[in-house]
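S.K.: 3D, please:
(chains A and B)
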Amino acid sequence: MPIVSLQGVTKTYPTTARDGAPVVAVDDVTLEIAQGDVFGIIGYSGAGKSTLVRLINALEPTTSGHLVVDGVDITTLSERELRKVRGGIGMIFQQFNLFSAKTVKANIAYPLKLAGWAKADIEVRVAELLAFVSLSDKARAFPEQLSGGQKQRVGIARALATRPAILLADEATSALDPQTTHEVLELLARVNREQGVTIVVITHEMDVIQTLATKVAVMENGRVVEQGDVFEVFSNPQNPASQRFVGTVIKGVPSPAEQASLQARHDGRLVTFSFRDGDSSQAQVFLDLAAAGLGFELVYGGINDIRGRAFGHLTLAIRGADAAIDATLKKIRGHATVTEIGSDAPAGTTSSEGGVR
Amino acid sequence: MDRLIELLPDFWQAALETLYMTTFALAMAGVIGTLIGIGLYVTRPGGLLPNRPVSILISFLVNFIRPIPFVIFIAVLQPFTRIVIGTGIGINAGAFAIGVAASFAIGRIVEQHLVSVSPGVIEAARAMGAGPWRILLTVAMPEALGPLILGYTFIVVALIDMTAMAGLVGGGGLGAFAQVYGFRQFEPVVMWAAIILIVVFVHLVQTFGTWLARRIMRR
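M.R.: Numbering: from 1, shown residues only, chains lettered A, B, ... in the order given. Next up, the predicted model:
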């Protein structure tokens, strides 16, 4: 059974303009998050992903639809009951949102006090959490004495204090530099691996999804336009929005401008070969080209690895007799995806945003 | 100068009266004003316990009282002062009027400092399952404490200023002393002695308030 399940969930806000239509922040979203998943939700700002995550822990009430968290339909609960639900869901924020008037230790102890833990138990738990996020020496420090990465680690410790089953991360690394982002993502991966916490990651950065998530939903204008396994979405995005996001981290098929530049610099026909695990190996492609006596040069592309599964796009400039090239491409097309770039290319279609599917 | 030495017992008496009125008014306005400020903060739209009618009511009351010049307010309030204090004149009546006027000023100051607490921090507490009163007392108030102390300090200085006018209802104090024995009797030394002592009071209060706020805000 999924730990979080949304069925046709919609959230609208009354418009600020007079007589205007209500603003639909989340539009008929249906998705399921399984226990132990790291579920990424990606979208540009304003896509509705932050609202969506606030519906999951009932910080905002849903307008319609069903939202089941840990077996309970939270759309039917009273405010008092919702507070209990929230206590069982950890949340971390882009701006960390630490209590500036409290020490690191008091920040982490706060949710435990709310949950009514005994003082001695709180002491033990806080020490444990500080050790987990490697900040034992900062217990008495105040948030402003910490670096951004340290603040987010305190945020993570605080969010995990009551041993929640779910952790919501709202743009948790967007205010951090690349090195610190990497450290925080590592920590979140450990939280998921070692403690089995289901994590929902909201982000606009595709590399966060790439390094951390197992499942991904792409949001645009309040709707989920594509969702699935991270490998599937990365290696074969269907929706234009997904293709744009994937294009930010994957060097795939050259864009039209890049194609022109490549064509100017290289003789021969430009052909992109796309590989996914399960397809034929690159070796076979190179063997076929060599066997036909064709000259070729790798001019663009790369191979990517998502949790041990590889995919990628390689663009080659192939030189030789046209007839021989056509015959060889036909043969390769039997076991790999082939896209020929150029005006007179009959071999496939190219999309403008770097995705050829 | 001779006149000042002659009036020295009255001078010290007036100083004590100023201190007494300021303390009395601060204690009263501190409590009532903080409650008004909390009321404004929690009921405002998007607040911890949004309540439009209550919010509008408190806000209207504050906006009604605040613009009344204190010189007039102290007289307008007299019937009410008689009910509460038992008399409309004297040091207690003056202190009471200052307390009422200052409550509404403190209300706005408390509201402003609470509103400026980061909404994200409030949201974090909500996300942990904290209820509205819990958030107010354990998050919003502590987060706003440093600026609040500066706000109270600011008000104390205004209170000392208001005590000067309490002389109008026989409240006494350094303000009345400066006016009666200094200004009206053409005794600049007497007048300036009172002024300087008021300045010293204000300076001490401000220094203490700034020090305390710095300590709490750790900067």
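
S.K.: quick one: residue A:87 and residue B:126 touch, right?
M.R.: No - applying Cβ atoms under 8 Å, one finds residue A:87 not in contact with residue B:126, separated by 10.8 Å. (C-beta placed from N, C-alpha, C; glycine too.)

S.K.: Give the residue from those two that has the larger number of neighbours.
M.R.: residue B:126 (23 against 19; other Cβ atoms under 10 Å in any protein chain shown).

S.K.: I'd guessed residue A:148 sits against residue A:174; true?
M.R.: No - using Cβ under 8 Å, residue A:148 makes no contact with residue A:174, being 10.7 Å away.

S.K.: low pLDDT regions in chain B?
M.R.: Scanning chain B for pLDDT under 70 picks out B:219.

S.K.: Now do the contacts for the residue of it found nearest chain A.
M.R.: Closest residue of chain B to chain A, Cβ to the nearest Cβ: residue B:129 (3.4 Å). Going by Cβ atoms under 8 Å, 6 or more residues apart in numbering or on different chains, residue B:129 touches A:83, A:84, A:85, A:86, A:87, A:88, A:111, A:114, A:115.

S.K.: run the last query once more with 10 Å
M.R.: A:57-58, A:80, A:82-89, A:111, A:114-115, A:162 (Cβ atoms under 10 Å, 6 or more residues apart in numbering or on different chains).

S.K.: list the contacts for the nearest residue to residue A:25 once chain neighbours are set aside?
M.R.: Excluding the flanking residues, the one nearest residue A:25 by Cβ to Cβ, 6 or more residues apart in numbering or on different chains is residue A:51, at 4.2 Å. Shown in contact with residue A:51 (Cβ under 10 Å, 6+ apart): A:11, A:13, A:24, A:25, A:26, A:29, A:59, A:60, A:62, A:202, A:219, A:222.

S.K.: now do 7 Å
M.R.: A:11, A:25, A:26, A:60 (Cβ atoms under 7 Å, 6 or more residues apart in numbering or on different chains).

S.K.: With residue A:42 instead?
M.R.: A:203, A:204, A:206, A:209, A:216, A:218, A:219, A:245.

S.K.: still on that earlier bit, now, the contacts of residue A:51 that are in strands?
M.R.: A:11, A:25, A:26 (DSSP state E).

S.K.: Quick one, grab the pLDDT at the residue nearest to the first one when sequence neighbours are not counted.
M.R.: Here the nearest residue to residue A:11 in space, its sequence neighbours aside, is residue A:26; by Cβ to Cβ, 6+ apart that works out to 4.1 Å. Per-residue confidence at residue A:26 stands at 93 (pLDDT).

S.K.: how many neighbours does residue A:26 have?
M.R.: 27.

S.K.: Settle this for me: it is touching residue A:52, isn't it.
M.R.: Yes - between residue A:26 and residue A:52 there is a contact under Cβ atoms under 7 Å: 5.2 Å.

S.K.: Around chain A, which positions in chain B sit nearby?
M.R.: B:120-121, B:123-124, B:126-131, B:139, B:142-143, B:145, B:218 (Cβ under 7 Å from any Cβ of the partner chain).

S.K.: Now the contacts of residue A:42 in TSV, please, with extra columns for pLDDT.
M.R.: Formatted as TSV, the contacts of residue A:42 follow (pLDDT from 0 to 100):
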residue	pLDDT
A:203	93
A:204	91
A:206	88
A:209	91
A:216	94
A:218	94
A:219	94
A:245	87
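
S.K.: among those, which are in strands?
M.R.: Those of those mapping onto strands are A:203, A:216, A:218, A:219, per DSSP E.

S.K.: Show me the helices in chain B, by range?
M.R.: B:2-43, B:52-65, B:70-76, B:78-85, B:91-115, B:119-127, B:132-135, B:141-165, B:173-177, B:188-217 (DSSP state H).

S.K.: May I see those arranged in JSON lines, with distance to residue A:294 as well?
M.R.: Compiled in JSON lines, the helices of chain B are given as follows (distance: least, Cβ to Cβ, whole Å):
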{"stretch": "helix B:2-43", "distance to residue A:294": "75"}
{"stretch": "helix B:52-65", "distance to residue A:294": "77"}
{"stretch": "helix B:70-76", "distance to residue A:294": "96"}
{"stretch": "helix B:78-85", "distance to residue A:294": "101"}
{"stretch": "helix B:91-115", "distance to residue A:294": "71"}
{"stretch": "helix B:119-127", "distance to residue A:294": "60"}
{"stretch": "helix B:132-135", "distance to residue A:294": "70"}
{"stretch": "helix B:141-165", "distance to residue A:294": "70"}
{"stretch": "helix B:173-177", "distance to residue A:294": "101"}
{"stretch": "helix B:188-217", "distance to residue A:294": "72"}
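
S.K.: Highest mean neighbour count out of those helices?
M.R.: helix B:173-177 (a mean of 26; mean count of other Cβ atoms under 10 Å in any protein chain shown).

S.K.: can you pull the contacts of residue B:130?
M.R.: Residue B:130 neighbours (Cβ under 7 Å, 6+ apart): residue A:114.

S.K.: Let me see the mean pLDDT of the strand or helix carrying the residue nearest to residue A:25.
M.R.: According to DSSP states H and E, residue A:51 maps onto helix A:49-56. The average of the pLDDT scores along helix A:49-56 is 93.

S.K.: Need the CA coordinates for that helix. PDB is fine.
M.R.: Once non-C-alpha atoms are left out, helix A:49-56 reads as follows in PDB (Å, rounded to 0.1, in the frame of the first residue of the first chain):
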ATOM      1  CA  LYS A  49       4.900  21.800  -6.300                       C
ATOM      2  CA  SER A  50       5.300  23.700  -3.100                       C
ATOM      3  CA  THR A  51       1.500  23.800  -2.700                       C
ATOM      4  CA  LEU A  52       1.300  20.100  -3.400                       C
ATOM      5  CA  VAL A  53       3.800  19.300  -0.600                       C
ATOM      6  CA  ARG A  54       1.900  21.500   1.800                       C
ATOM      7  CA  LEU A  55      -1.300  19.600   1.000                       C
ATOM      8  CA  ILE A  56       0.500  16.300   1.900                       C
END
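
S.K.: from the middle of its chain, how far away would it be?
M.R.: With Cα atoms, centre = their mean, to the nearest Å as the basis, helix A:49-56 stands 15 Å off its chain's centre.

S.K.: could you point out which element follows it?
M.R.: In the C-terminal direction, the helix or strand that comes right after helix A:49-56 (DSSP H and E) is strand A:64-69.

S.K.: Can you name the residues in contact with the very next helix or strand once past that following strand?
M.R.: Next along the chain after strand A:64-69, taking DSSP H and E as the criterion, comes strand A:72-73. Strand A:72-73 has contacts (Cβ under 7 Å, 6+ apart) with A:66, A:67, A:85.

S.K.: now the helices: where do they sit in the stretch 101-250 of chain A?
M.R.: Along the stretch 101-250 of chain A, counting by DSSP state H, counting those that start in this stretch, helices occupy A:104-114, A:119-132, A:148-160, A:178-195, A:206-212, A:230-235, A:240-249.
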